[in-house]
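**Student:** Please work out how this folds:
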Amino acid sequence: MFADELKSLRRLGFRHILLQILNFASVLASGLMIWKGLGLVTNTESPIVVVLSGSMEPAFYRGDLLFLTNPSNQKYKTGDITVYKIPGANVPIVHRVLETHDAVLSRKGAIAASPLSRDQLLLTKGDNNMIDDLELYQGLEWLERKHIVGKVRGFLPYVGYVTIAMNDFPQLKFALLGGLGLLALIQRE
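**Tutor:** A predicted model of the protein is given here:
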């Protein structure tokens, strides 16, 4: 099976193979540009995330794909579902806002302020968890706006299982990427 493909690949020549590699690189660059463009439009570093645990059941289940925005001119309200990232942790967490406090951040720390202030302190909790997320904050008392990745605006159920499978089984990820690269090389168009 592969012997025939290798023979046909040798017949195509160096220029054709180089053209296929450039086409593949163009597709990858286009995907990256689309991702960064979505990030700019939604004002978030990660406009799409996958739910990795069951802490938000029954609202969201493991494998659900979430669409995020992070409007800078809107405050978060109690009940909003947010995705946040704690410094030093590389996995974003999807939880619901339990409490919000408007604050003015001084040099010494946070001070309660009027509702006109721009900074906001948040406390979150997973719907399926018994207690709030203070233990997850790694020494922080509250989440600040800089920790928030975005607010959930929509979701697709179970679509993210592909990502979970590739993270759980790295061989699958390499096989998929290798297969796509091979297809790009042997494609005759």
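**Student:** Give the buried residues for the longest helix along the chain.
**Tutor:** The residue-count maximum for a helix in the chain (DSSP state H) belongs to helix 14-42. By neighbour count on 16 or more other Cβ atoms under 10 Å, the buried set for helix 14-42 is 20, 24, 39, 42. In this view, the C-beta of every residue, glycine as well, is placed from N, C-alpha and C.
**Student:** Please report phi then psi for residue 45.
**Tutor:** phi -70, psi -20 (degrees, to the nearest 10).
**Student:** so what pLDDT did it get?
**Tutor:** Per-residue confidence (pLDDT) for residue 45: 91.
**Student:** Quick check: it touching residue 148?
**Tutor:** No - with contact defined as Cβ atoms under 8 Å, residue 45 does not reach residue 148; the gap is 10.5 Å.
**Student:** neighbour count winner among the two?
**Tutor:** residue 148 (22 against 13; other Cβ atoms under 10 Å).
**Student:** got a list of what residue 161 touches?
**Tutor:** Contacts for residue 161 (Cβ atoms under 8 Å, 6 or more residues apart in numbering) come out as residue 63.
**Student:** Report the separation between it and residue 130.
**Tutor:** Using Cβ to Cβ, to the nearest Å, we find residue 161 at a distance of 27 Å from residue 130.
**Student:** same check, this time on residue 22
**Tutor:** Distance, residue 22 to residue 130, using Cβ to Cβ: 55 Å.
**Student:** Could you do residue 45 as well?
**Tutor:** Distance of residue 45 to residue 130, computed by Cβ to Cβ: 30 Å.
**Student:** Ok, residue 138 next?
**Tutor:** 19 Å.
**Student:** who's more crowded, these two?
**Tutor:** Neighbours were counted for residue 138 and for residue 130 using other Cβ under 10 Å; residue 138 has more, 10 against 6.
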